[in-house]
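A.B. asks: Next comes the sequence, and after it the predicted model I'd like to discuss.
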Amino acid sequence: MTIKRNFIRALVAAAAATAACTLVPAFAQAQAQESSLARVQRTHVLRVGAIAGAIPYFAKDPGTGKWEGFGPDFGESLAKSLGAKVEYVETTWGNAVLDLQSNKIDAMFGLAPSPQRAAMVNFADTLFENTYTVVCKKGVPQKSWEQLNTPDTKIVVDIGSSHDQLAQRVLPKAEVTRLENSGAATMQLQAGRADCQVLVILLAEPLLAKRPGLGTMYIPQPVYTAPVSIGLRKDTDPGLQKAVNAWLAQERTNGEVRSVILKNMEKLAGVPASAFPPEIKF
């Protein structure tokens with residue numbers, strides 16, 4: 001009888017152990033399959049990617065740790081609409097897509113959509129359009145893109161950027177130098193080794209606010225723009241994407257997108273609203 005009881009106990013223990021082993025992966029799998037919106041609603045936390053020193057998109061106060069810029073302002077507003085608070089996760093432009101894929105963040109403000117990125121993450125509707133400009137050294141006359149597209153024109157861009165992509169598309173005949181980042185490209189312009197640097201206006205205006213003697217910015221015709229969006233994790237459930245688009249539509253209706261951009265440009269980059277040409281729309 002004792003042997004029988006021990007045998008039964010052993011069977012029960014084995015069954016319990018098997019059930020536990022089955023439940024743990026099942027629970028982990030359920031957690032992994034949780035949609036972004038469901039996670040935000042469960043935790044009441046929206047994880048937003050943030051990049052130190054990426055003014056005017058992001059700026060971190062080293063003393064207080066407080067984040068400022070377009071991204072934090074938009075992030076706080078979006079989180080409020082979702083009944084959540086923001087948790088900032090520090091990242092880089094290069095790692096933001098990977099952080100969305102690996103479920104480290106829920107939203108990345110300021111990402112430019114591209115076919116390569118769209119294959120890896122989802123994008124909300126366009127947040128705003130960033131207009132392409134050229135910053136040219138003194139003495140270089142204003143020209144259209146077609147007039148800049150000559151072998152005698154020396155253009156500088158940061159390699160792999162949207163500036164580089166535009167130069168490849170509209171300036172194939174120009175002498176284009178590609179450097180590792182926009183700062184290095186600006187140094188090339190400052191040294192007189194380039195005629196013009198291609199930059200979106202939200203980078204060109206702060207640059208000239210800091211270095212007014214560098215040259216002159218203008219918008220060549222025809223006007224080209226780069227859409228700026230919000231990166232989201234790819235989900236089978238489009239709930240968060242729909243919620244973000246609904247929030248964005250309301251922000252546009254209220255004029256908040258333009259207001260947030262102009263406020264941060266003046267506060268963080270020293271660029272007043274009056275510095276933007278009238279044709280620039282956000």
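C.D. replies: Nice, I can see it. Numbers count the residues shown, from 1 in each chain.

A.B. asks: Enumerate the positions of stretch 163-181 that are buried.
C.D. replies: 163-164, 166-167, 170-171, 174, 176-179 (16 or more other Cβ atoms under 10 Å). In short, each C-beta sits where N, CA and C put it, glycine included.

A.B. asks: what's the answer for stretch 109-125, then?
C.D. replies: Buried, per 16+ other Cβ under 10 Å, within stretch 109-125: 109-113, 117, 121-124.

A.B. asks: For Gln33, give me the pLDDT.
C.D. replies: On pLDDT, Gln33 comes in at 79.

A.B. asks: measure it to Lys104 for me?
C.D. replies: Gln33 is 17 Å from Lys104, where distance means Cβ to Cβ, to the nearest Å.

A.B. asks: Between the two, which has more neighbouring residues?
C.D. replies: Lys104 (15 against 11; other Cβ atoms under 10 Å).

A.B. asks: was I right about the more buried one contacting Arg39?
C.D. replies: No - between Lys104 and Arg39 there is no contact under Cβ atoms under 8 Å: 11.9 Å.

A.B. asks: related to what we said a few turns ago, could I get the buried residues of stretch 109-125 in a markdown table, plus columns for pLDDT and distance to Val260?
C.D. replies: Below are the buried residues of stretch 109-125 laid out as a markdown table (pLDDT from 0 to 100; distance: Cβ to Cβ, whole Å):
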| residue | pLDDT | distance to Val260 |
| --- | --- | --- |
| Phe109 | 97 | 10 |
| Gly110 | 92 | 12 |
| Leu111 | 91 | 17 |
| Ala112 | 87 | 18 |
| Pro113 | 91 | 20 |
| Arg117 | 91 | 23 |
| Val121 | 97 | 23 |
| Asn122 | 97 | 22 |
| Phe123 | 97 | 19 |
| Ala124 | 97 | 15 |
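
A.B. asks: quick one: low-confidence ranges for the chain?
C.D. replies: 1-32 (pLDDT under 70).

A.B. asks: residue ranges for the strands of it, please.
C.D. replies: 45-50, 59-60, 67-68, 85-90, 107-111, 122-123, 128-136, 154-158, 175-179, 196-200, 216-218, 225-232 (DSSP state E).

A.B. asks: Run through the residues that contact Val97.
C.D. replies: Going by Cβ atoms under 8 Å, 6 or more residues apart in numbering, Val97 touches 108, 111, 117, 120-121, 231.

A.B. asks: go on, Pro206?
C.D. replies: Taking Cβ under 8 Å, 6+ apart as the definition, contacts of Pro206 comprise 55-56, 265, 269-271.

A.B. asks: Narrow these to those that are buried.
C.D. replies: Neighbour-count burial within those applies to 55-56, 265, 269, 271; the criterion is 16+ other Cβ under 10 Å.
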